[in-house]
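Visitor: the sequence and its predicted three-dimensional model are supplied below.
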Amino acid sequence: MAVPSWLERLRAAGKTALVQDGKRKIHYLFEDGKEMAEEYDIKTGQLISRKWREKNTLGGTGKWQVEVGEPTSPFLGALESELITESSSNPIFMRKDTLSSFQWRIRNLPYPKEVYSVSVEEEQRCCIIRTTNKK
C-alpha cells in the first residue's frame, strides 16, 4: 500500500473548528492518533501557532510540541513534577510564517537592540547573533 500524501491525510483527519478571542482555532485528529492544533488571526488570515501531540508508549496523551508560534509558558499550564527547568530569563526563539516570508523571532533578550549584530554564514547556512559587550 502506498503512503498517503499530506493532503490525503489532512482530508481524512477529523476536524473541529471554532472562533474565539479573534482567532480561528482548528483541531485535527489523524487516523494514526496524532493531533495537530492551529490558530489563525481572523483579520489577516496569518498562522499564529501550530502544535503537534501524539500518544505516548502507554497510549496516554503526550505533551504539545510547538512547531510555529510562541511556546506556552510552563507556569500557565498544569503543574508538573520537573525538578530542573530552564531559566525564564533565557532568550526564546520562535518561527513565524507569513504568506511572503519565514521569520525567526527572538524574545526576552537581556540587552538593548543596539548591542546585537546579526550576520549570515552562507557556507554553514546559519545566522549568527553576537553582542558587542566586552565581558
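Guide: Done, it's in. Here the structure is a predicted model, which means the values were calculated and not measured. Numbering: from 1, shown residues only.
Visitor: what helices and strands are in contact with the lowest-mean-pLDDT helix or strand in the chain?
Guide: Every helix and strand of the chain was ranked by mean pLDDT, DSSP states H and E. The lowest is strand 92-97, at a mean of 80. Judged by 3 or more CB pairs under 8 Å, 6 or more residues apart in numbering; DSSP states H and E, the packing partners of strand 92-97 are strand 65-68, strand 102-107. Heads up, the C-betas are built off the backbone N, CA and C, glycines and all.
Visitor: count of neighbours near the closest residue to residue 103 other than its chain neighbours?
Guide: The shortest distance from residue 103 to any non-neighbouring residue, by CB to CB, 6 or more residues apart in numbering, is to residue 96 (4.4 Å). Using other CB atoms under 10 Å, residue 96 has 16 neighbouring residues.
Visitor: residues in contact with residue 96?
Guide: For residue 96, the residues meeting the contact criterion (CB atoms under 8 Å, 6 or more residues apart in numbering) are 68, 69, 102, 103, 104, 105.
Visitor: for those residues, pick the one with the most neighbours.
Guide: Top of the contacts of residue 96 by neighbour number is residue 69, holding 18 neighbours under the definition other CB under 10 Å.
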